[in-house]
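>>> model this:
(one chain, ligands or ions: 1)
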Amino acid sequence: MGEQLDKVKTALRDLDLDAIAPAVQEALDAGEEPALILANMADGMAGVGDLFEKGEYFLADLVLAGEGMKEGLEVLEPHLKAGDRGSKGTVVLCTVKGDIHDIGKNLVATMLSSAGYNIIDLGSDVSEDKIVEAVRSNKAGAVGLSVLLTPMVDSIAAVVDALKAAGLRDQVKIAIGGACTTQELADRMGVDALGRDAVEAIRIFEGFFN
Ligand code: B1M
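Numbering: from 1, shown residues only. Got it, this is the predicted structure:
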């Protein structure tokens with residue numbers, strides 16, 4: 001036990017694309033908890049981010065890492081969805097306008113979905129109008145925004161303002177997360193919570209719906 005989790009993390013960090021899906025399958029076969037496997041995939045991606053920041057990886061490597069993450073998730077997702085899906089509440093989730101980073105958002109979506117929430121995943125680079133429409137048509141109780149680019153943080157305020165203008169702000173709680181978010185930013189933007197990782201995101205949404 002543990003050795004297979006390391007393999008998952010290392011395969012992703014080293015961009016060994018052929019090894020990622022088999023490593024996830026091996027960890028499942030060894031009886032590792034799917035949520036723990038997911039956490040190791042997130043650690044592998046964090047390793048990719050560090051190597052990029054050190055100048056050892058380039059943009060093309062980041063795209064490969066995104067592919068690797070998708071391949072691993074394809075194997076893992078059916079095992080994460082054992083819970084009572086969709087019963088705990090509806091969450092509209094996306095990455096904000098101007099920002100195409102979606103790996104962290106996808107992780108949060110997978111974790112929340114397996115924890116029993118109905119996730120309306122609008123994807124990345126999503127306008128405030130689309131979010132308002134999705135909240136209204138799905139009667140969502142919460143909105144989750146992923147934000148990685150500092151120049152795009154004003155997109156958060158645009159969502160808050162659009163929900164207010166539509167008369168929906170009192171019906172939804174809003175959480176933000178992503179590499180460039182801080183508590184100070186969350187306070188300034190007028191959102192209800194900040195999640196630092198996918199596990200914290202689950203705790204936050206549990207609080208929103210209880
Ligand atoms: Co870009 N990128 N990127 N990038 N990229 C960052 C974010 C950056 C910090 C790298 C750097 O320069 N050091 C930097 C932003 C600087 C800033 O503004 N602060 C940056 C930049 C500048 C850019 C471009 C502008 C580069 C360029 O073109 N010159 C460009 C932007 C394009 C655009 O969006 N318009 C760009 C492009 C890309 C790729 C397409 C190549 C690729 C994205 C692929 C994809 O997502 N499909 C990419 C990647 C991979 C990264 C890094 C290396 C890794 C991001 C990631 O996936 N992390 C990133 C550097 C870094 O973060 N260290 C970087 C792994 C992921 C699991 O973590 O997303 O943080 P994260 O999610 C975590 C938590 O944050 C949290 O839970 C997740 C799981 O634990 N979380 C939430 C996330 N959302 C949440 C929501 C919640 C709660 C928790 O509640 C709702």
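
>>> how about residue 183, nearest residue that isn't a chain neighbour?
Closest residue in space to residue 183, ignoring its immediate chain neighbours: residue 194 at 5.4 Å, by Cβ to Cβ, 6 or more residues apart in numbering. To be clear about C-beta, it is placed using only N, CA and C from the backbone, and glycine gets the same treatment.

>>> how about residue 67?
The shortest distance from residue 67 to any non-neighbouring residue, by Cβ to Cβ, 6+ apart, is to residue 17 (6.5 Å).

>>> which elements pack onto the worst-scoring helix or strand of the chain on mean pLDDT?
Lowest mean confidence among the helices and strands of the chain (mean pLDDT, DSSP states H and E): helix 103-114, at a mean of 84. Applying 3 or more Cβ pairs under 8 Å, 6 or more residues apart in numbering; DSSP states H and E, one finds that helix 103-114 contacts helix 34-53, helix 59-80, strand 90-95, strand 118-121, strand 142-146, helix 198-208.

>>> how near is residue 76 to residue 183?
As judged by Cβ to Cβ, to the nearest Å, residue 76 and residue 183 stand 31 Å apart.

>>> higher neighbour count, those two?
Neighbour totals were compared for residue 76 and residue 183, and residue 76 leads with 23 against 10 (other Cβ atoms under 10 Å).

>>> at the geometric centre of the protein, which residue do we find?
The centroid of the chain falls nearest to residue 105 when counting by Cα atoms, centre = their mean (2.3 Å).

>>> around the ligand, which positions in this protein sit nearby?
The chain comes close to the ligand at residues 42, 45-46, 49, 52-53, 59, 62-63, 65-66, 98-105, 107-108, 144-146, 148-151, 175-180, 195, 197-198, 201, as judged by Cβ under 6 Å from any ligand atom.

>>> where does the chain dip in pLDDT?
For the chain, the stretches flagged by pLDDT under 70 are 1, 81-86.

>>> next, count neighbours for residue 158.
Neighbour tally, residue 158, other Cβ under 10 Å: 18.

>>> likewise for residue 58?
11.

>>> now do the same contact list for the closest residue to it other than its chain neighbours.
Spatial nearest neighbour of residue 58, chain neighbours left out: residue 52 (7.5 Å); criterion: Cβ to Cβ, 6+ apart. Counting by Cβ atoms under 8 Å, 6 or more residues apart in numbering, residue 52 touches 58, 61, 62.

>>> show me which of those is closest to the ligand.
Of all these, the ligand sits closest to residue 62, with 3.7 Å by Cβ to the nearest ligand atom.

>>> wait, the closest one touches residue 48, no?
Yes. The criterion here is Cβ atoms under 8 Å, and residue 62 meets it with residue 48 at 6.8 Å.

>>> show me which of those two is the more surrounded one.
Ranked by neighbour count (other Cβ under 10 Å), residue 62 and residue 48 place residue 48 first, with 23 against 17.

>>> before we move on, the earlier item: now tabulate the helices and strands packed on helix 103-114 in TSV and tack on distance to residue 13.
What follows is the helices and strands packed on helix 103-114, written out as TSV (distance: least, Cβ to Cβ, whole Å):
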stretch	distance to residue 13
helix 34-53	4
helix 59-80	8
strand 90-95	23
strand 118-121	26
strand 142-146	21
helix 198-208	18
